[in-house]
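Peer 1: following is a predicted model, sequence given first.
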Amino acid sequence: MPDTTPYVRPDVKAVLDALVAIGGPEMSDIPLADARAAYLAMGAMLEADALPLAVIKDLACPGPDGDIPLRLYDARETRAAGPVIMFYHGGGFVIGDLDTHHALCTEIATAMDLPVVAVHYRLAPEAPYPAAADDCEAATRWVAESPADLGLTVTGLITIGDSAGGHLAIVVPQALATKAAAVPVIMQVPIYPATDESSDGSMQEFAEGFVLTKKTMDWFMDCYAPVAGEARAYPIHGDHTAAPPTVLATAGLDPLRDQGRRYAAALIQAGVECHYMEMKGIVHGFVNLRKAVPSAQADTHTIFKAMKLMLERISA
């Protein structure tokens, strides 16, 4: 019989072994404030250092339930009119903030040489579905209007995010396809996104032992309380024909892997240009593990290379 043991990279195995040795409860088993603090602390231990930039500026924009915190990143003090990258952080709609993904945003801004605006949307369970989507849509529409506080002339939008943020990187363009913003979304970049209600396949295969567990995913969804069948909750149900050109990356050892695969397939069936990449032998969250897992840095920059190629094709 063939060996069905999944391939695990050596640097990934070292981290998985270390996490087993450390032990401790899952996030769903500790107080919410402790889970959020643990996520931030994990990033400080496992994530690459932030890169210096000419501009790192905290901003805010109006939202449906008060101001939405934003952070602007730019490798240049000034720049001509051009696209802006909208970044939505991961964390299952429950944990994560501007600080947990700060280093990654500096990496994106440096590698892409484009401004990045990170959005800290309201978190569940205090603000369940569809609060995260509503806030990200509002922030994206605000940026699209080139507000004076931003100090940029925006010609197009690129949505990007990881995990829950990858979900939002799809949901926002779906909303803007229905009611257009001041400028178009020219590309979406969901990284290991949550896209549908499924609980089979990779969700079972990698249910535990690979950083993100099915138990934690179930907790996230219980907190966020999305409505089954709604595209804003599960974007697989949206109109894929209106989706922008897409760069989509999944992780080979991820409970969410098959959700990303299915969404990529839906885009291709709809005739949308989609560059799909599956990073073999690595776990969910790899873009935030770049210090502990050196190979994750190369994977992250592979995503950037695909984004640059897609931008060239869009501009041609």
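Peer 2: Here it is on my side, so go on. On a predicted model such as this, the values are computed, not experimentally measured, just so you know. Numbering: from 1, shown residues only.

Peer 1: contacts and neighbour counts: CA atoms only from here.
Peer 2: OK.

Peer 1: and the helix ranked longest in the chain, what other elements does it pack with?
Peer 2: Ranked by residue count and defined by DSSP state H, the top helix of the chain is helix 294-315. Contacts defined by 3 or more Cα pairs under 8 Å, 6 or more residues apart in numbering; DSSP states H and E place helix 294-315 against helix 102-112, strand 185-191, strand 246-251.

Peer 1: how about residues contacting that helix?
Peer 2: Contact with helix 294-315 is made by 11, 108, 111-112, 186-187, 189, 245, 247, 249, 275, 279, 282, 286-287, 289-291, as judged by Cα atoms under 8 Å, 6 or more residues apart in numbering.

Peer 1: deepest of the helices and strands packed on helix 294-315, which one?
Peer 2: strand 185-191 (a mean of 27; mean count of other Cα atoms under 10 Å).

Peer 1: next, the angle from that strand to strand 246-251.
Peer 2: For strand 185-191 against strand 246-251, the angle by axes from the mean of the first three to the mean of the last three Cα atoms, to 10 degrees is 0 degrees.

Peer 1: residues touching whichever helix or strand comes after strand 185-191, excluding its own?
Peer 2: Next in sequence after strand 185-191, counting helices and strands by DSSP states H and E, comes helix 202-205. Contacts with helix 202-205, where a contact means Cα under 8 Å, 6+ apart, come from 214, 253-258.

Peer 1: mind checking which of those residues land in helices?
Peer 2: Among those, the members falling in helices are 214, 257-258 (criterion: DSSP H).

Peer 1: among those residues, name the buried ones.
Peer 2: 214, 257-258 (16 or more other Cα atoms under 10 Å).

Peer 1: got the residues you listed as JSON lines, with distance to residue 15 and pLDDT columns?
Peer 2: As requested, these are exported to JSON lines (distance: Cα to Cα, whole Å; pLDDT from 0 to 100):
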{"residue": "214", "distance to residue 15": "19", "pLDDT": "97"}
{"residue": "257", "distance to residue 15": "20", "pLDDT": "98"}
{"residue": "258", "distance to residue 15": "23", "pLDDT": "98"}
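
Peer 1: reformat those as JSON lines; add distance to residue 132.
Peer 2: What follows is these, written out as JSON lines (distance: Cα to Cα, whole Å):
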{"residue": "214", "distance to residue 132": "21"}
{"residue": "257", "distance to residue 132": "22"}
{"residue": "258", "distance to residue 132": "23"}
